[in-house]
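Colleague: below is the sequence, then the predicted model.
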Amino acid sequence: MTALDLNVLAVAAGEAERQREMWRTQKAARRARRPRGFCQKCSVRPTRDGHKDCAQCRAYGKTAKQNEYDRRLAAGLCTMCGKTQPEPGYITCPTCCKRSGADFRARRDRFLKQGKCICGNVLDNPKRMECATCRARDRDAYTAQLAKAGKKRKAEVRAERIAAGCCVVCATKLTNGKCEPCSKHRRKLQNKAGRRKTQRYIAAGLCSTCGRQKPDAGYRVCRGCIDQSNKRQKAQRRARGLLPRAERPPRTHCRNGHPVNDQTTYGKKLACKPCNHAAVERYLARKAKTRIPKPRGQPRRSV
């Protein structure tokens with residue numbers, strides 16, 4: 001080894017030692033700032049609750065890390081070290097992937113010994129490894145991933161069923177443009193929901209139709225709903241050509257087409273006397289035909 005090589009090695013060793021000394025000095029300075037409650041990066045602003053840096057330094061560091069991540073990802077390099085290319089389908093190289101997994105497990109075990117989640121929150125259930133916030137976040141992310149993956153397949157299945165003339169829900173053949181099983185199931189759910197709502201209104205002492213007003217004694221429906229129902233029924237009868245009884249013209253024939261007058265009708269002039277007599281005779285004949293004779297007792301035996 002020549003003198004030049006020795007000189008280069010000495011310079012490199014001195015540079016490494018200087019770098020380590022600078023890191024030790026910075027670490028000592030950060031430790032000195034910690035008891036005073038100041039940010040360990042800028043040493044000017046107070047720290048956040050439970051953290052070592054302030055909100056401004058946190059936001060700046062987060063933006064810088066995101067920019068570096070985007071740059072490495074666009075260049076096709078590992079997003080952690082930025083030196084090697086990751087394998088197909090990954091964004092980190094194998095070395096960084098192993099190191100990251102080991103660091104994550106070590107940090108998780110350290111927090112679990114303290115009864116905390118890896119995010120720093122206290123565990124609500126000692127038998128779990130994550131807090132409620134992290135569980136909700138992971139659940140939402142997994143649901144979004146499934147929705148994104150299954151959205152394309154769902155659209156393909158829907159198009160296939162529509163092209164085949166089937167229901168998009170149960171794949172049953174449509175009858176007159178409707179799916180009978182789905183329609184029946186939908187009506188069943190609607191009736192069940194309506195019954196539950198009616199029972200809830202009745203239990204609260206309210207109108208079983210609107211649920212806003214209290215009905216009169218002996219009724220389940222309030223006066224407003226009764227009037228509205230009567231108006232609706234009258235409108236429907238008028239639409240079918242049926243007039244109210246007070247507006248109807250006087251009857252000239254009975255239901256069977258016989259002419260009627262005051263001498264041959266009863267009460268409301270709905271049927272003439274011959275029709276009423278015939279109806280009575282038919283009723284008596286039907287009643288006699290369906291009558292069950294009573295059993296007679298057995299005669300006594302003579303001793």
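Modeller: All right, it came through fine. Residues are numbered from 1 along each chain as shown.
Colleague: drop to CA atoms for contacts and neighbour counts, all remaining ones
Modeller: OK.
Colleague: for the helix or strand where residue 274 lies, which positions count as buried?
Modeller: Per DSSP states H and E: residue 274 is located in helix 273-289. Across helix 273-289, burial judged by 16 or more other Cα atoms under 10 Å covers 273, 275.
Colleague: any idea how far it is from the chain center?
Modeller: Distance of helix 273-289 from the chain centroid (Cα atoms, centre = their mean, to the nearest Å) equals 63 Å.
Colleague: next, name the residue at the spatial heart of the chain.
Modeller: Nearest to the geometric centre of the chain sits residue 143, at 12.5 Å (Cα atoms, centre = their mean).
Colleague: phi, psi of that residue?
Modeller: Phi and psi for residue 143, reported as degrees, to the nearest 10, are phi -60, psi -40.
Colleague: mind listing what it touches?
Modeller: Taking Cα atoms under 8 Å, 6 or more residues apart in numbering, we find residue 143 in contact with no residue.
Colleague: any idea how far it lies from residue 155?
Modeller: Separation of residue 143 from residue 155 (Cα to Cα, to the nearest Å): 18 Å.
Colleague: ok, now which ones touch residue 198?
Modeller: 208-209.
Colleague: if I look at it, how far off is residue 77?
Modeller: Counting by Cα to Cα - residue 198 and residue 77 are separated by 65 Å.
Colleague: now residue 84
Modeller: 6 Å.
Colleague: more crowded one of these two?
Modeller: residue 77 (20 against 16; other Cα atoms under 10 Å).
Colleague: assumed the more buried one was part of a strand.
Modeller: No: according to DSSP: H, G, I helix; E, B strand; the rest coil, residue 77 belongs to no strand; its state is coil.
Colleague: could you pull up phi and psi at residue 122?
Modeller: phi -70, psi 140.
Colleague: hang on, it packs against residue 113?
Modeller: No: with contact defined as Cα atoms under 8 Å, residue 122 does not reach residue 113; the gap is 11.3 Å.
Colleague: of these two, who's got more company?
Modeller: Set residue 122 next to residue 113 and count neighbours by other Cα under 10 Å: residue 122 wins out with 17 against 9.
Colleague: nearest residue to the more buried one in space, please, no chain neighbours.
Modeller: residue 116 (4.4 Å; Cα to Cα, 6 or more residues apart in numbering).
Colleague: against residue 137, how distant is residue 250?
Modeller: 77 Å.
Colleague: I meant residue 201, not that one.
Modeller: For residue 201, the distance to residue 137 - Cα to Cα - is 39 Å.
Colleague: between the two, who's got more neighbours?
Modeller: residue 201 (20 against 11).
Colleague: what's near enough to touch the more buried one?
Modeller: 207-208, 211.
Colleague: name the nearest residue to residue 119, sequence neighbours excluded.
Modeller: Here the residue nearest residue 119, using Cα to Cα, 6+ apart, is residue 134, at 7.9 Å.
Colleague: and that neighbour, how many neighbours?
Modeller: 15.
Colleague: state the pLDDT value of it.
Modeller: Note for residue 134: predicted pLDDT of 89.
Colleague: and if you look at residue 229?
Modeller: At residue 229, pLDDT is 91.
Colleague: again, but for residue 232
Modeller: With respect to pLDDT, residue 232 has a value of 90.
Colleague: distance check, it against residue 86.
Modeller: 73 Å.
Colleague: do residue 75 as well
Modeller: Residue 75 is 11 Å from residue 86, by Cα to Cα.
Colleague: between these two, which has more neighbouring residues?
Modeller: Taking neighbours as other Cα under 10 Å, residue 75 and residue 86 compare with residue 86 leading, 19 against 11.
Colleague: who's in contact with the more buried one?
Modeller: Taking Cα under 8 Å, 6+ apart as the definition, contacts of residue 86 comprise 76-78, 92-94.
Colleague: need the max-distance pair from these.
Modeller: Maximum pairwise distance among those (Cα to Cα): 14.5 Å, between 76 and 94.
Colleague: mind listing the helices for the stretch 201-303 of the chain?
Modeller: 223-239, 273-289 (DSSP state H, counting those that start in this stretch).
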